[in-house]
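[1] Model the following, please.
(chains A and B)
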Amino acid sequence: MEKPGIYIHIPFCLKKCPYCNFYSVIADRNTHRLFVQTLCDEILQKAPSYKKVEFDTVYIGGGTPNSLESDAIVEILSTLYKVLTFSHETEITLELNPECVTKKDLDVYRKRGIHRLSLGTQSFLDKELAFLGRIHTKEKNLQAIQYIQSFKTFSLSCDIIMGLPEQTKDDLQRSLEYIDTIHPEHLSVYLLTAEEGTPLYSWFQQGIISQPDEERVKELWLFVHEFLIERGYEHYEVSNYSLSGYRSRHNSKYWNNTNYLGFGPSAHSKWGNIRFWNPTSLETYLQKNSEPEFEIITDEQTMDERLMLGLRTQEGFNVNAISKKKTKENFLKTVYALNHDAGKVLLKIDRGFLKATLEGWTVLDTLVEQLVEKLIEP
Amino acid sequence: MAENIRNFCIIAHIDHGKSTLADRLLEYTGTLKSFQMKEQILDDMDLERERGITIKSHPIQFEYKPDSKQTYILNLIDTPGHVDFSYEVSRSLAACEGALLLVDATQGVEAQTVSNTYMALENDLEIIPVINKIDLQGAQIDSVKHQLMDLTGCKEEDILLTSAKTGQGIPELLQAIITRIPPPKQDADKPTRALIFDSVFDNYRGAIPYIRIFEGCITPGQRMKCFTTKHVYEVTEVGKFHFKKVPTKELKAGDVGYLVAQIKNIQDLKVGDTITTLENEAKAPLKGYKEMKPMVFSGLYPVNNDDYEELRQSLEKLQLNDASLRYEPETSEALGFGFRCGFLGLLHLEIVQERLEREFGQNLVTTIPNVEYHVRDRQGNVISVDTPSKMPEMGEIDVIEEPYVKVEIITPSEYIGNLMTLTQEKRAMYINTHYLDPTKVQLIYELPLSEIIYDFYDKLKTVSRGYASLDYGFIGYKPAKLVKLDILINNEPVDALSLIVHQDHAYYQARRLVQKLRSLIPRHLFEIPIQAAIGNKVIARENVKALRKNVTAKCYGGDITRKRKLLEKQKEGKKRMKQVGRVQIPQEAFLAILQLEDEK
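    This next block holds a predicted model:
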């Protein structure tokens, strides 16, 4: 069994971006301090139940974690290390936004053992960054990366958002050429998604911005894949690429059903067949008196999740997890029917694992929707 | 004492305040205290309350004491309020001696006011015209009076004014009921004849007829017989309608009541039929019995084929309460095993469908409703076609005849132009115009029934801003140039989507239908052609494009529960889809034709 991970949610940003549905607010220093205090209290309060467990990842995400003082990050990590047990190979990741990366802070991170930095670059075109409502520029990206890479100790992951309404192949290629030069160890390439409740969603709904053409976005997505594969990256999850040995161990826990604990507002935890999460409200969180919400994941739901998440990864979904022979046969029949209907190979079976092909990944939600009902007896 | 009995009903256009007036009569006579009253006490089915219409007849008996010496027994028979049930209305009227003709002071005479008045006159009822809602601001009492005098030939002083809401005019109305409506004839000594005007099913006591005794009497222990079915049952109980059914020693000429005879099948109790007893057997039935025939047909299929048996049982149970529902097994290549059902009209169809879904938990696909066609082939054989799939090949058909109805529309005169355009689109033949007063007009047309069952009523309301009202009745069959339009999805004909349309409308209908279907059928992993064809000739085509991209970008800890729940919801949604070949078709697509909107 793999070791569990820790997620810390820092719910602060300097500005809200119109496409983002992660929980964050804009707040002052005092609130930051109060938050760190509350977060540490939460860790101290919950830790005793997990004393005998060894964790091997910490992921500090947000929000914009580096909108906090670097001392605060240190305090959070120290608190974790004080009350929980960590493997000596623990992966510690910190998310950063380029607008507020400083050499001084980086040095503090390095000294505290943070060795993986995930930088929200998003694009290397100023017009795209402006469309995305980001407050940083291409120059800020390059500067932050230069700082980070000057330390030699950090492994770097960059976020790229693609599939913007007016994005051309040329636009995308220009960003990718920067990536080629920087050659980060890890890349997350996200399709711009209009999540319900975000301003972007209502802009699309109201027709203020026209939806990007599906066909073109798909071509761009395949183009990114080609580009990065040629440069030695492996496409190990729908939206994630890495050089050999640099996959995100923490994020992989989400996809292969490993346990994790989350701290901070809106943070989710999964422990065995229970998933629980904190309130998505800083105010409520700071009051400390709200019980986390939880759900018991049934066996059927576990199977649904394994399929939904497993197919996102290069490893795929273990078909032998379907225990009933007849159900498995019926499931496999559906797999081949889907390929047949589409007139191309979307899914393949490889040594007992069902994997989505590159084409399959482009329509993964539909495939999962079709397959999920075949996990139970007909 | 038949002398003190008054049997009457209230006839009115929908929403003119019939049920409220009935409530007020009960309250005024002290039949029930106002705190006992739920609004519209007589409509007791959930559906009736929600829709604000009466579907079943609700008789009730109450006493009225105008002074200390006299007591009158009043039998009020509340009648169904929709054109689908007009035969039942006519039988309820036949059970009475008088009718309160209720007209909303703000609305005036409407289509059903007219048709109900004619029905009451045919049954020789004493009509008491009543103008209701006189307390409302927009009450136009004078002009409504003139409309009523024109319609019924009454004098101005014969018209009563009431407000069922405030109770104004109720004492005068009760007085008019006992003085103007004649008591029933005293024919208790003649051979027994009782009219069935409705029936209900009781799980313990079987089918129970609601009856009006015209001659003779019925007591428990006697053997009853219906004229049409000839079945004989022993009567175990007779009684009257107070709030509940209350047993009595006997029912005799003039009485309105019920009887219990352990009748297993409600089909044995046909509305309009006559009951007699073997002890005092009549030779001939009462006049006016008609077999009720379904006018509108539709296929009902379980979404999941395994639920066929359950649907059959549900229909069987529903039919116990609804003698006018017809069904027989039917097989569709696209939908599998189901039932072809016959209904009195579109409202009846909707009610049955809703009751099956709500009360019986059925998950249904309903196919496009159609009328029954008479088709004569080249050999001279005539067949009845109640589903498009039974329509013979066009080459074999000599003549197709379709049912026609006579339609009466009452409208403010400013909408005549709009209504003429609408009726022309619907292949109407103009018959007559009659001015009720200078601003209100009655238009009479003959229309194919098939044109009415889709969206005629909604359109009529739209083009008249809600002011026009409609009534119609079947008049007979007429030949028409009709063709069968087939729909092919992914190159396979889907029989359940076929429909019969007029030749001149075929292209237009076909184009709109395939467009609608394109918007209803979800995108698949492959392109889906949708075609409409007459015979082998494709006359309209649309494509549902293949899905190119559908993938969730991010899926981390906080997203998993949400995504899984979405997946569970989709799983649930797919239960409401019908798999036809490789294509999943949502239930509502089978009724797409009903949702066609004019893009004009």
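
[2] Please identify the residues of the stretch 201-350 of chain A in proximity to chain B?
    Proximity of the stretch 201-350 of chain A to chain B is confined to A:214-215, A:217-218, A:221, A:238-239, A:251, A:254-255, A:260, A:262, A:266-270, A:275, A:277, A:295, A:301, A:304-305, A:308-309, A:312, A:338, A:341-343, A:346 under the rule Cβ under 8 Å from any Cβ of the partner chain. C-beta: built from backbone N, CA, C; applies to glycine.

[3] Recalculate using a threshold of 7 Å.
    Among all residues of the stretch 201-350 of chain A, those adjacent to chain B (criterion: Cβ under 7 Å from any Cβ of the partner chain) are A:214-215, A:217-218, A:238-239, A:251, A:254, A:260, A:262, A:266, A:268, A:275, A:295, A:301, A:304-305, A:308-309, A:312, A:338, A:341-343.

[4] quick one: which of the residues you listed sit in strands?
    With strands identified by DSSP state E, the entries of those that belong to them are A:260, A:262, A:268, A:275, A:295.

[5] Output the below-cut-off pLDDT ranges for chain B.
    By pLDDT under 70, the weakly predicted segments of chain B are B:1, B:32-57, B:81, B:594-600.

[6] tell me the contacts of the closest residue to residue A:308 other than its chain neighbours?
    Of all residues beyond its chain neighbours, the one nearest residue A:308 is residue A:368 (5.1 Å), with distances taken as Cβ to Cβ, 6 or more residues apart in numbering or on different chains. Contact analysis of residue A:368 by Cβ atoms under 7 Å, 6 or more residues apart in numbering or on different chains lists A:307-308, A:311, B:567.

[7] Give me the neighbour count for residue B:102.
    Using other Cβ atoms under 10 Å in any protein chain shown, residue B:102 has 26 other residues around it.

[8] beta partners for it?
    residue B:12, residue B:130 (DSSP bridges).

[9] Quick check, it in contact with residue B:17.
    Yes - using Cβ atoms under 7 Å, residue B:102 is in contact with residue B:17, at 6.4 Å.

[10] any shared contact partners between the two?
    When contacts are counted by Cβ under 7 Å, 6+ apart, residue B:102 and residue B:17 have residue B:132 as shared neighbours.

[11] Give me the three-state assignment for residue B:246.
    Here residue B:246 is recorded as strand under DSSP: H, G, I helix; E, B strand; the rest coil.

[12] list the contacts for the residue lying closest to residue B:144 once chain neighbours are set aside?
    Counting by Cβ to Cβ, 6+ apart, the nearest residue to residue B:144 once its immediate chain neighbours are dropped is residue B:108, at 4.8 Å. If you count contacts by Cβ under 7 Å, 6+ apart, residue B:108 has them with B:140, B:143-144, B:147, B:440.

[13] Looking at those residues, state which has the most neighbours.
    residue B:144 (25 neighbours).

[14] if you average pLDDT over the longest strand belonging to chain A, what comes out?
    The strand spanning the most residues in chain A, taking DSSP E as the definition, is strand A:85-96. Per-residue pLDDT values across strand A:85-96 average out to 97.

[15] Centroid-nearest residue for the chain?
    Went with chain A since none was named. Ranked by distance to the mean C-alpha position of chain A (Cα atoms, centre = their mean), the top residue is residue A:251 at 6.2 Å.

[16] Wait, chain B was what I had in mind.
    Using Cα atoms, centre = their mean, the residue of chain B that lies closest to the mean C-alpha position is residue B:84, 3.2 Å off.

[17] rewinding a little: now the buried members of the ones in strands among the residues of the stretch 201-350 of chain A next to chain B.
    A:260, A:262, A:268, A:275 (16 or more other Cβ atoms under 10 Å in any protein chain shown).

[18] Would you tell me which residues of the stretch 501-600 of chain B are close to chain A?
    Proximity of the stretch 501-600 of chain B to chain A is confined to B:525-526, B:547-558, B:560-561, B:563-564, B:567, B:570-571, B:574, B:582 under the rule Cβ under 7 Å from any Cβ.

[19] burial of the closest residue to residue A:259 other than its chain neighbours, as a residue count?
    Of all residues beyond its chain neighbours, the one nearest residue A:259 is residue A:4 (3.9 Å), with distances taken as Cβ to Cβ, 6+ apart. The burial count assigned to residue A:4 is 20, neighbours taken as other Cβ under 10 Å.

[20] Same check on the one 10 residues further on?
    As a burial measure, residue A:14 scores 14 neighbours (other Cβ under 10 Å).

[21] Could you check how far residue B:155 is from chain A?
    Summarising the geometry, the distance separating residue B:155 from chain A, computed by Cβ to the nearest Cβ, to the nearest Å, is 63 Å.

[22] show me where pLDDT drops low in chain A?
    Within chain A, the ranges that satisfy pLDDT under 70 run A:378.

[23] if we can go back for a sec, return a PyMOL selection command for the buried portion of the residues of the stretch 201-350 of chain A next to chain B.
    This is how PyMOL selects the buried members of these, with burial counted by 16+ other Cβ under 10 Å:
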select buried, chain A and resi 214+217+218+238+239+251+254+260+262+266+268+275+301+304+305+308+309+312+338+341+342
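
[24] hmm, what's the outermost residue in chain A?
    Farthest out in chain A is residue A:326, which, by Cα atoms, centre = their mean, sits 35.7 Å from the centre.

[25] That one - nearest residue in space that isn't next to it in sequence?
    Residue nearest to residue A:326 in three dimensions, not counting chain neighbours: residue A:377, with 7.0 Å by Cβ to Cβ, 6+ apart.

[26] How many neighbouring residues does the one you found have?
    What residue A:377 shows, counting by other Cβ under 10 Å, is a neighbour count of 8.

[27] That one and residue A:327 touch, don't they?
    Yes - taking contacts as Cβ under 7 Å, residue A:377 lies within contact range of residue A:327: 5.3 Å.

[28] can I assume residue B:330 is in contact with residue B:299?
    Yes - applying Cβ under 7 Å as the test, residue B:330 and residue B:299 come out as touching, 5.9 Å apart.
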